[in-house]
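1. sequence and predicted structure below; questions after.
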Amino acid sequence: MDKDYSPLTLATIRALNDKLYEKRKSAALEIERIVRDFNNAGNTTQIRQLLKVLGQDFALSSNPNSRKGGLIGLAATAIALGKETTEYIPELVRPVMACFNDADSRVRYYACEALYNVVKVARGSVLPYFNDIFDGLSKLAADPDQNVRNGSELLDRLMKDIVTESSSFDLVTFIPLLRERIYTKSPFARQFLVSWVTVLDAVPDIQMLVYLPDILDGLFHILGDPNQEIKKMCESTLGEFLKSIKESPKKANFSHMVNILTAHSQSSEDLIQLTAVTWLKEFIRLSGRSILPYTSGILTAILPCLAYDDERKNLLFDADNKKMIIEVSKTVNNSLMKLITAEDDSDINEQPDSSEPAEDSASRQTVEKLALPSVIDVLSKHLLHNSTQTRLSVLRWIYHLHMQIPNKMFQHVEELFPVLIRTLSDPCDEVVLRDLEVLAEISSSAAGRRHSIQLPEHIKNLSVAPPGSMNIYFIKFMLSLMNLFATDHQLLDDRGSFIIQQLCLLLNAEDIYRTLAEILLKESDLKFASHIVQTLNTILLTSKELFELRNRLKDLKTEKCCSLFVCLYRSWCYNAVATVSLCFLTQNYKHACDLLQKFGDLEVTVEFLTEIDKLVQLIESPIFTYLRLQLLDVEHNHHLMKSLYGLLMLLPQSDAFRTLLHRLQCIPNLQQMHMPTNERTKKSEVALRPHVKQINFADLLQHFNSIQKQLLLVDRQPTPRPKEIS
């Protein structure tokens, strides 16, 4: 034997190299005896020589039986040294650790056994090597051999006991390793890692909460493990962490964890999503306004969670969990919204608190500042979400922001405005109504009066200006609404009345009608203009929302009311029947007669007759009760009767014809119809409505003729033939 294996005897060397465990065991007992003798004699040189032989020549040998012999020999040495083991930790631990990666599973098992014996004797003295031991154990926990895993579990439990009882455990150097290992995919390694996190968190002297941001993401990944035992184990650990945060919120680094939570709130795994949104709920409650800079990320995660429709086809998705996710998400959404107040509408340095140091005030306000551009971006994108509940929540957010921070919101209104206009085409009435509330708030906000926008050239030439209670965005809103109806006639037919009626509730009906009428004066598409006038007229005559406006127009008691009538009249001329109905509404019966005389020059179409038919039905409705009662006073309503007979002459002998004829037959003293109106009657009418005489009806009639001629030319234009494909 060339090598020097002293102080081992030749027999001991042979026994250590033997393939039989019993012989290696007897050699270990001999080594144990030798080491005790050396230790009692204080012969450290021989002990180190022996450790060198066992650690290098045996434990690192190419012969697996020699490696096994070296490991059992090192374990025997540690047992013999007892408390003196602390002097030889490197020589004992390093060779054993090297065998953790051995290709032979039996060698790996004996390495676990050997290190267990070393650690059992050395206790806290091995902690300087804790990271290496932990690294090895994390790999052995996923070992394909069950015996190796069993051996590593025994060593793992012993290491946990030592760490728990030790006051010198170095958590700072351990966390980077834990952060790296926690992303393992192995279920055994995951179970091993979660168990360690749980043990460390339970030690009072170890502040795991401080380092939670380093491992939180990894724990959420483990929470998605298909193994139910691991899932429950991780859920329990996260629950304990959340409990600790609630008890000691000052120790938690909310800002470093909130982005992790927002990412996992978008998980397709129900438990991960529920856990993440639950944490967010508590974070908002505990951290308050300091969470505001992360609003956009939270909204990105929370808004899709508000959907009631199950868009995910995940067979593992639990309906109860889904319901909980929705409820918790609502709480998160509402709590976050409440954090934004009117105080946020001022700039950071606008009104510093004189009682607070300038540096602290600036720092605090910077931390609490809402990142509005990113929030607007998130809201704009989610306004196109396929979930109705998500879209509604987005609109509530935009409305809340406009109410609380209007000055800041108007800096971004150009970005939001087109999306809000498109949302008027939403299939859900509730979404459209909420959208109208937002647009109405933008149009009437005092903050908007400090802003100016570029209007189209053809509008600039009109006397279109925002009414006193509105801002320039009211004009833009009305223009955009008209453009939307012009490009989507189906929307006008299906939802036009609903949109206009709701707007008249939210804003001033007179402002809306006056502005739309002024815009229509420059409408180049005359057919569309006729269509929209017909819609606006029907709403004006039938909608309960416009009751007050109808009354003002009916009486025309003020100059302003007369001005509104003229304004509407000029645009109503795009639709002849609507113009007559406006005259009926405003009791301008003589002018109605003049208009009906002009109907003989118009092209009578089925659509035209249908509109007259509808007008007859309206005359029979409660709206025109006053008009029907005026028929009893034949002497003073000569032009009313004449105009009704004019309508009768226009109608074919249909149901509408018979209805109107029957009504006219109920009029007493029909012969009075031919009696001219006397001076007393004229004076009476003028006395009742002095401002009406200021209206230039001749000019209005001329305008009507001009518009109708334009419409006639459009109707007679030949439809362009489609181009032939060559």
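-> Received, thanks. All values derive from a computational prediction rather than experimental measurement.
2. contacts only, for the residue positioned nearest the centre of the chain.
-> For the chain, the residue lying nearest the average C-alpha position, counting by CA atoms, centre = their mean, turns out to be Leu303 (2.9 Å). Remark: with contacts taken as CB atoms under 8 Å, 6 or more residues apart in numbering, Leu303 is in contact with Asn333, Val378, His382, His385, Thr390, Ser393, Val394. Any C-beta I mention is one placed from the backbone N, CA and C, and that applies to glycine too.
3. closest to Gly151 out of the residues you listed?
-> If you rank the contacts of Leu303 by distance to Gly151 using CB to CB, Asn333 comes first, at 51.2 Å.
4. mind telling me what element that closest one is part of?
-> Of the helices and strands defined by DSSP states H and E, Asn333 is found in helix 319-338.
5. buried residues in that helix?
-> Neighbour-count burial for helix 319-338 flags 321-322, 324-326, 328-333, 335-337 (criterion: 16 or more other CB atoms under 10 Å).
6. equivalent analysis for stretch 108-128, please.
-> By neighbour count, with 16+ other CB under 10 Å as the criterion, the buried positions of stretch 108-128 are 108-127.
7. repeat that for stretch 98-109.
-> Within stretch 98-109, the residues that qualify as buried by neighbour count (16+ other CB under 10 Å) are Cys99, Phe100, Asp102, Arg106, Val107, Arg108, Tyr109.
8. and the end-to-end length of it?
-> Distance between the two ends of stretch 98-109: 12 Å, counting by CA to CA, to the nearest Å.
9. from the middle of its chain, how far away would it be?
-> How far stretch 98-109 lies from its chain's middle: 53 Å, per CA atoms, centre = their mean, to the nearest Å.
10. and that stretch, average pLDDT?
-> Per-residue pLDDT values across stretch 98-109 average out to 95.
11. what's in contact with it?
-> Around stretch 98-109, the neighbours that count as contacts under CB under 8 Å, 6+ apart are 59-60, 64, 67-68, 71, 110-112, 114, 136, 139-140, 143-145, 147-148, 151.
12. one more: stretch 47-59?
-> The list of residues contacting stretch 47-59 from outside it, by CB under 8 Å, 6+ apart, reads 3, 5-8, 16-17, 31, 34-35, 38-39, 66-67, 69-71, 73-74, 77, 81, 88, 91-92, 94-96, 98-99.
13. how about stretch 74-87?
-> For stretch 74-87, the surrounding residues in contact (CB under 8 Å, 6+ apart) are 28-29, 31-36, 39, 44, 47, 50-51, 54-55, 59, 88, 92, 95-96, 113-114, 117-118, 121-122, 125.
14. select only the buried ones of these in ChimeraX?
-> Once 16+ other CB under 10 Å is used to decide burial, the buried members of those can be selected in ChimeraX as follows:
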select :28,31,32,34,35,39,47,50,51,54,55,59,88,92,95,96,113,114,117,118,121,122,125
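15. helices - which of the contacts of stretch 74-87 land there?
-> Filtering these for membership in helices, criterion DSSP state H, returns 28-29, 31-36, 39, 44, 47, 50-51, 92, 95-96, 113-114, 117-118, 121-122.
16. give the residue spans of the stretch 601-726 of the chain that score low on pLDDT.
-> Within the stretch 601-726 of the chain, the stretches with pLDDT under 70 are 669-688, 715-726.
17. sec struct for Pro226, please.
-> coil (DSSP: H, G, I helix; E, B strand; the rest coil).
18. separation between the residue nearest to Val163 when sequence neighbours are not counted and Leu640?
-> The spatially closest residue to Val163, leaving aside those adjacent along the chain, is Phe169, at 5.2 Å (CB to CB, 6 or more residues apart in numbering). Per CB to CB, to the nearest Å, Phe169 is found 100 Å from Leu640.
19. neighbour count: those two, which is higher?
-> In this comparison of Phe169 against Leu640, neighbours counted by other CB atoms under 10 Å, the higher total goes to Leu640 at 22 against 19.
20. just give the nearest non-adjacent residue to that one, would you?
-> Closest residue to Leu640 in three dimensions, ignoring its sequence neighbours and counting by CB to CB, 6+ apart: Tyr589, at 4.2 Å.
21. hang on, the one you found packs against Leu644?
-> No. The pair Tyr589 and Leu644 does not pass the contact test of CB atoms under 8 Å, sitting 9.1 Å apart.
22. what about the two, which has more around it?
-> Just comparing Tyr589 and Leu644: by other CB under 10 Å the higher neighbour count belongs to Leu644, 26 against 20.
23. residue contacts, the more buried one?
-> Shown in contact with Leu644 (CB under 8 Å, 6+ apart): Ile619, Leu631, Leu660, Arg663, Leu664.
24. any idea which helix or strand carries the residue nearest to the centre of the chain?
-> In the assignment (DSSP H and E), Leu303 maps to helix 295-305.
25. just to revisit the earlier point, as TSV, the contacts of Leu303 with pLDDT, secondary structure and distance to Leu541 would be great.
-> Putting the contacts of Leu303 into TSV (pLDDT from 0 to 100; DSSP: H, G, I helix; E, B strand; the rest coil; distance: CB to CB, whole Å) gives the following:
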residue	pLDDT	secondary structure	distance to Leu541
Asn333	96	helix	42
Val378	96	helix	43
His382	95	helix	39
His385	92	coil	38
Thr390	94	helix	38
Ser393	96	helix	37
Val394	97	helix	36
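26. which of those residues sit farthest apart?
-> Among the contacts of Leu303, the pair separated by the greatest distance (CB to CB) is Asn333 and His385, at 13.7 Å.
27. ok, the closest residue to Val692 other than its chain neighbours to Gln587 distance?
-> The spatially closest residue to Val692, leaving aside those adjacent along the chain, is Leu556, at 5.4 Å (CB to CB, 6+ apart). Distance of Leu556 to Gln587, given as CB to CB: 7 Å.
28. returning to what we had before: for the residue nearest to Val163, helix, strand, or coil?
-> Under three-state DSSP, the three-state class of Phe169 is coil.
29. quick one: residues contacting it.
-> With the criterion set at CB under 8 Å, 6+ apart, Phe169 makes contact with Leu127, Phe130, Val163, Ile206.
30. let's see 7 Å
-> Residues counted as contacts of Phe169 (CB atoms under 7 Å, 6 or more residues apart in numbering) are Leu127, Val163, Ile206.
31. and if you look at Ile260?
-> Under the criterion of CB under 7 Å, 6+ apart, the contact list for Ile260 reads Leu216, Asp217.
32. work out for me the element it sits within.
-> helix 254-264.
33. and the helices in the stretch 101-250 of the chain?
-> According to DSSP state H, counting those that start in this stretch, the stretch 101-250 of the chain carries its helices in the segments 105-122, 130-140, 146-165, 171-181, 187-202, 212-223, 228-247.
34. just the stretch 551-700 of the chain next, same as before
-> 559-572, 576-585, 589-598, 606-619, 625-630, 638-650, 655-665, 679-688, 697-716.
35. wait, Tyr116 touches Leu155, no?
-> Yes. Taking contacts as CB atoms under 7 Å, Tyr116 lies within contact range of Leu155: 4.7 Å.
36. contact partners for Gln710?
-> For Gln710, the contacting residues are Leu526, by CB under 7 Å, 6+ apart.
37. re earlier: so how far is Cys234 from the residue nearest to Val692?
-> Distance check for Leu556 against Cys234: by CB to CB, it reads 76 Å.
38. give me the phi and psi angles of Asn227.
-> Summarising the backbone geometry of Asn227 under the convention degrees, to the nearest 10, its torsions are phi -70, psi 120.
39. er, Ile453 I mean
-> phi -130, psi 160.
40. apart from its chain neighbours, what residue comes closest to it?
-> Across the structure, with CB to CB, 6+ apart as the measure, the residue nearest Ile453 apart from its sequence neighbours is Ile472 (5.5 Å).
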